[in-house]
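Peer 1: Output the structure for:
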Amino acid sequence: MSSLAHGASTSAVEVTNISVHGVWILAHDKELFMSYDDFPWFKDQTVKSIVNVEEQSPGHFYWPDLDVDLTEQIIEHPERFPLTAKST
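Peer 2: Alright, predicted model coming up:
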């Protein structure tokens, strides 16, 4: 008797950890960290909303429940993309 091989992963991106410091995602065997300081949209959100992530194109991630759209470059180098929202 032989075991069947596991199928290919159906998701290119997944949330691997949510902590008091931020969120980790795994995309194409690369783990990326998003701190709440740099990515405040994830703080105080439900786990269900955070884990609902789609990769719309390679390296381009979208959280539909949060309406957050980020690229791998933004996640890896948030200092290059400062927040620009201002309160009125």
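
Peer 1: How about the contacts made by Val51?
Peer 2: Listed by CB atoms under 8 Å, 6 or more residues apart in numbering, the contact partners of Val51 are 14-15. No exception for glycine: its C-beta is placed from N, CA and C like everyone else's.

Peer 1: Now do the phi/psi pair for it.
Peer 2: The phi and psi torsions at Val51 (degrees, to the nearest 10) take the values phi -80, psi -10.

Peer 1: Kindly provide the distance from it to Asn17.
Peer 2: 11 Å (CB to CB, to the nearest Å).

Peer 1: Now Phe81. Nearest residue, chain neighbours left out?
Peer 2: Closest residue in space to Phe81, ignoring its immediate chain neighbours: Ile74 at 4.9 Å, by CB to CB, 6 or more residues apart in numbering.

Peer 1: count of residues packed around that neighbour?
Peer 2: 18 (other CB atoms under 10 Å).

Peer 1: And what about it, helix, strand or coil?
Peer 2: Assigned with DSSP: H, G, I helix; E, B strand; the rest coil, Ile74 falls in the helix class.

Peer 1: Retrieve the pLDDT associated with it.
Peer 2: Ile74 carries a pLDDT value of 96.

Peer 1: Check Ala12 too.
Peer 2: 84.

Peer 1: so it touches Ser57, yeah?
Peer 2: No: between Ala12 and Ser57 no contact is recorded; they are 10.1 Å apart, counting by CB atoms under 8 Å.

Peer 1: Tell me which helix or strand Asp38 sits in.
Peer 2: Of the helices and strands defined by DSSP states H and E, none includes Asp38.

Peer 1: which one is it nearest to, not counting chain neighbours?
Peer 2: In space, and not counting its chain neighbours, Asp38 is closest to Pro78: 3.9 Å by CB to CB, 6+ apart.
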